[in-house]
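In: for reference, the sequence and a predicted model appear below.
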Amino acid sequence: MALQISATNPEHPALLLALPWQVPLEDWPEEHLVPLPRGISRHVVRYARAGDEVIAVKELAERPALREYGLLRDLDRLGIPAVDALAVVTGRTDSAGEPLEPVLVTRHLGGSLPYRSMFETTMRPATMHRLMDALAVLLVRLHLAGFAWGDCSLSNTLFRRDAGAYAAYLVDAETGELHPGLSTGQRDYDLDLARVNISGELLDLEASGALHPSVDPIEFGMEICARYQGLWQELTRVSVYPAGKHHHMERRIRRLNDLGFDVAEMQIEHSPSGDTVTFVPKVVDAGHHQRQLLRLTGLDTEENQARRLLNDLESWMATQDDGSGDPGDPLAARPEVLAHRWVREVFRPTVRAVPPDLRGTMDAAEIYHQLLEHRWYMSERAQHDIGIETAVKDYIDHILPRARELPGLPCDAE
């Protein structure tokens, strides 16, 4: 059987053909590999370079490879945080003509880390709580979309910085199933698997001496259940309000937006007596602030980063009645116009002030968030606003050197 590459983009097959598919993945020469941290996997996984892209290559049987490829594409269409599926390569043979396992090719998630790399330095319990929050949000998003993971664990997740918190991305969809909706039993099964898997992974870290002594692996395994149930309840509960109190429904919608979720439609029923209203919001997806920031500025960020940048944008907009815009242009004060001015005059110059070689794995939005945090801390100490230029200089001189010594942690988690 001839080598076949099924890809999502017409350009990818040409880039992938340059890789040594006739060699077993575990024996690939170093010239093709990229030295990035890898998590634990039941399959052989390698990071390689294909043109300008870094890809993850995983060897597995043809049927599960094609199935996972399809599921990852489905999750992408649903807007679920997961790695991007690029291709499946089948028909591989070695130099003697013996068959080799097919591979699934995904795009490396820039700035992300597997959990074991994050535990290379002893992680504080507060940071671990943020990991549980991120994983709970991911699991809720999957279940709202009708996806039963079947193997939720730290090992099957990648984490990216998100404005002092973390964003979790699904890596392994091999055991997943997509349905129109999930039953309570299906959700509970996924949640119980997550509890057992996380406790086991933390027990393994404890045995290796990489776990903070105050952390109880069993309790942290239970924590994912509590955080998931609290979030699920807030997103799906039925509310009963006094008739005419429409602001209660608006407040509920704002609370859901603050959690990062959008409401697509609402089911409202009046009681037979007419004195109460039953309100059921239909939550469709997270990313409320992401979409708002993207619409206004064109910046594509994580959810918490978007919330922080929107707050800064709104504060800056409030100062723009000083005649700095064009008074003859009726469009100058429109939010979209002001937002693009903020990107051009505030956001980009601030980020560019941090030398690229000092940024590590942080993207532009995370750098800006860190600078805002540092400016706030310095202003609190000085009891007056110290200005962004002073904050940037102090951040470069005193914070970044320490952050680089602790890979995987945001600056406020040291």
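Out: On my side now, so go ahead. All figures in this text were calculated on a predicted structure; none of them were measured in a lab.
In: the stretch 251-400 of the chain: strands as residue ranges?
Out: All strands of the stretch 251-400 of the chain, identified by DSSP state E, counting those that start in this stretch, fall at 261-270, 276-286.
In: pLDDT of the longest one, averaged?
Out: pLDDT averaged over strand 276-286 equals 60, rounded to a whole number.
In: next one: phi and psi at A50?
Out: phi -130, psi 100 (degrees, to the nearest 10).
In: wait, doesn't it sit right on W21?
Out: No. Contact criterion CB atoms under 8 Å: A50 and W21 do not qualify, at 11.8 Å. C-beta here means a position set from N, CA and C on the backbone, and glycine is covered the same way.
In: per-residue confidence for A403?
Out: 59.
In: sorry, wrong one. I was asking about E269.
Out: E269 is assigned 65 on the pLDDT scale.
In: what's the neighbour count on Q305?
Out: Counted with other CB atoms under 10 Å, residues neighbouring Q305 total 27.
In: which pLDDT value goes with the residue lying farthest from the centre of the chain?
Out: Farthest-out residue of the chain from its mean C-alpha position, per CA atoms, centre = their mean: S273, at 46.2 Å. Looking at S273, its pLDDT is 70.
In: distance of it relative to P242?
Out: From S273 over to P242 the distance is 12 Å, taken as CB to CB, to the nearest Å.
In: which ones are touching V346?
Out: By CB atoms under 8 Å, 6 or more residues apart in numbering, V346 lies in contact with D312, W316.
In: E389 versus that one, what's the distance?
Out: Note on V346: its distance to E389, by CB to CB, is 12 Å.
In: count of neighbours near I399?
Out: Look at I399: counted by other CB under 10 Å, it has 20 neighbours.
In: so it makes contact with H374?
Out: Yes. Taking CB under 8 Å as the definition, I399 is a contact partner of H374 at 6.2 Å.
In: which one is M222 nearest to, not counting chain neighbours?
Out: Leaving aside its sequence neighbours, M222 sits nearest to R195 (CB to CB, 6 or more residues apart in numbering; 6.3 Å).
In: can you report how many residues lie near F220?
Out: 20.
In: cool, L191 as well?
Out: So L191, with other CB under 10 Å, has 20 neighbours.
In: quick one, phi psi at the most centrally placed residue in the chain?
Out: In the chain, the centroid-proximal residue (CA atoms, centre = their mean) is A167; its distance is 3.3 Å. Dihedral angles of A167 (phi, psi; degrees, to the nearest 10) stand at phi -110, psi 140.
In: and it, how far from L109?
Out: Taken as CB to CB, the span from A167 to L109 is 10 Å.
In: how about K393?
Out: Relative to L109, and taking CB to CB, K393 is found at 32 Å.
In: swap in L338?
Out: Going from L338 to L109 by CB to CB gives 32 Å.
In: just for the stretch 101-250 of the chain, where's the confidence low?
Out: Scanning the stretch 101-250 of the chain for pLDDT under 70 picks out the ranges 120-122, 241, 243-249.
In: quick one: contacts for the closest residue to L372 other than its chain neighbours?
Out: Sequence neighbours aside, D312 is the residue nearest to L372 in space, at 6.1 Å (criterion: CB to CB, 6+ apart). The contact partners of D312, taken as CB under 8 Å, 6+ apart, are V346, Y368, L372.
In: per-residue pLDDT of D312, please?
Out: Note for D312: predicted pLDDT of 87.
In: and if you look at the one 4 residues further on?
Out: We have a pLDDT of 85 for W316.
In: so it makes contact with V343?
Out: No. Taking contacts as CB under 8 Å, W316 lies outside contact range of V343: 10.5 Å.
In: what segments of the stretch 1-150 of the chain are helices?
Out: With helices called from DSSP state H, counting those that start in this stretch, the stretch 1-150 of the chain shows them at 12-16, 62-77, 115-118, 125-144.
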